[in-house]
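Engineer: need a 3D model of the following:
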Amino acid sequence: MKTLHLFLILSFSTLLVKAQTSEIYNNLYQRTDIFDSAGNKIGYSKQNTLNNRMEYFDKNGILVTYEKQNDLYKNIAIYDKNGTRIGYKKWNQLVERFDVFDSKGKLTGHHNYNALYQKWEYTKSVY
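Structural biologist: Okay, the predicted model is just below:
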């Protein structure tokens with residue numbers, strides 16, 4: 001029985017480690033590089049001042065999603081590359097992080113700032 005519990009705990013912690021990404025600002029290219037938990041670059045984000053939005057690209061430079069501030073609902077709407085709304089981010093004052101929701105309003109993860117390493121981290125919800 002103890003072996004089963006240990007196996008379940010190790011499996012759950014492995015899922016949590018795989019679900020994390022980190023973001024570090026790159027001064028040279030004026031963008032934020034995104035890395036997985038193993039330290040491999042998986043993409044980057046850049047501010048598009050012409051369209052007033054934040055754009056996210058994969059590691060090959062292909063647009064994946066973009067975000068726009070929604071002042072009416074006080075959140076950040078997330079769109080796919082075709083312009084379809086796929087979710088939103090909202091600031092959670094209680095725990096000081098951005099909660100990420102899908103288009104149906106289900107919590108899918110959260111962004112929080114790691115002051116020790118001076119970077120934003122994303123953790124995907126496993127439930």
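
Engineer: and the contacts of stretch 76-90?
Structural biologist: With contacts defined as CB atoms under 8 Å, 6 or more residues apart in numbering, stretch 76-90 is touched by 63-70, 73-75, 98-103, 108, 111. C-betas here are computed from N, CA, C, even on glycine.

Engineer: and for stretch 110-117?
Structural biologist: 22, 89, 92, 95-100, 119-123, 125.

Engineer: CA-only coordinates of that stretch in PDB, if you can.
Structural biologist: Provided in PDB are the C-alpha atoms of stretch 110-117 (Å, rounded to 0.1, in the frame of the first residue of the first chain):
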ATOM      1  CA  HIS A 110      -1.800  30.500 -13.700                       C
ATOM      2  CA  HIS A 111       1.100  32.800 -14.200                       C
ATOM      3  CA  ASN A 112       3.000  34.000 -11.100                       C
ATOM      4  CA  TYR A 113       6.200  36.100 -10.700                       C
ATOM      5  CA  ASN A 114       9.200  34.400  -9.100                       C
ATOM      6  CA  ALA A 115      11.000  37.300  -7.400                       C
ATOM      7  CA  LEU A 116      14.000  35.100  -6.500                       C
ATOM      8  CA  TYR A 117      14.800  34.300 -10.200                       C
END
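
Engineer: in PyMOL, how would I select the buried members of the contacts of stretch 76-90?
Structural biologist: Per 16 or more other CB atoms under 10 Å, the buried members of the contacts of stretch 76-90 correspond to this PyMOL selection:
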select buried, resi 65+66+67+68+75+98+99+100+101+111
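
Engineer: now, the contacts of stretch 76-90 that are in strands?
Structural biologist: Using DSSP state E, 63-70, 75, 98-102, 108, 111 are the members of those that sit in strands.
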